[in-house]
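*Asks:* structure for the following, please:
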Amino acid sequence: MSQFLPADHSRGDANTVGGYTAAHARPPAFEGKDGTSYSVEIMTDATGDSVKPFAGYLLFVRWGIGDPVATGHIETDFLVYGSSDEEARSKMGAMRLSDAVAELNSGIEKRDASGRPWWEVMQDDSLQ
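*Replies:* All right, here's what the predicted structure looks like:
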């Protein structure tokens, strides 16, 4: 059951991805240019590169209309790098919400440009 929790702005800058999550105790959510709702999570991964061993990126989860069911996602490319997972996560968390929305809309444009869902592209033998 949901409950209203007032924001605690002493926990972070609610205008950044990480600060919003800390202040509101939930991830930021946006409406993409496709009219669908998305929430965003900060993700990190090892790169295998000794100079830039960790990278941060955003994972946008698309939510269905009417039901709180995930219906897809969009991932950005690596956006920041760090010498540790924590450093990459911190840099990613400092991203302004407006920049995160721009990344989401860019991802929607890339997805829509292909005209085909990812699962159809993955099944296309001619691309291998």
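*Asks:* helices of the protein, start to end?
*Replies:* Secondary structure of the chain (DSSP state H): helices at 17-24, 85-93, 97-114, 118-123.
*Asks:* just name the most buried of these.
*Replies:* When these are scored by mean count of other C-beta atoms under 10 Å, the highest mean neighbour count falls to helix 17-24 (a mean of 20). Every C-beta, even on glycine, is put in place using the N, C-alpha and C of the backbone.
*Asks:* and the angle for that helix with helix 97-114?
*Replies:* Between helix 17-24 and helix 97-114, the angle comes out at 120 degrees (axes from the mean of the first three to the mean of the last three C-alpha atoms, to 10 degrees).
*Asks:* who's in contact with helix 17-24?
*Replies:* By C-beta atoms under 8 Å, 6 or more residues apart in numbering, the surrounding residues in contact with helix 17-24 are 5, 7-9, 11-14, 27-28, 40, 42, 58, 89-90, 92-97, 100.
*Asks:* give the contact list for Arg89.
*Replies:* Gly18, Ile42, Thr44, Gly56, Gly82.
*Asks:* if you set the cut-off to 10 Å instead, what comes out?
*Replies:* Listed by C-beta atoms under 10 Å, 6 or more residues apart in numbering, the contact partners of Arg89 are Gly18, Ile42, Met43, Thr44, Phe54, Gly56, Val80, Gly82.
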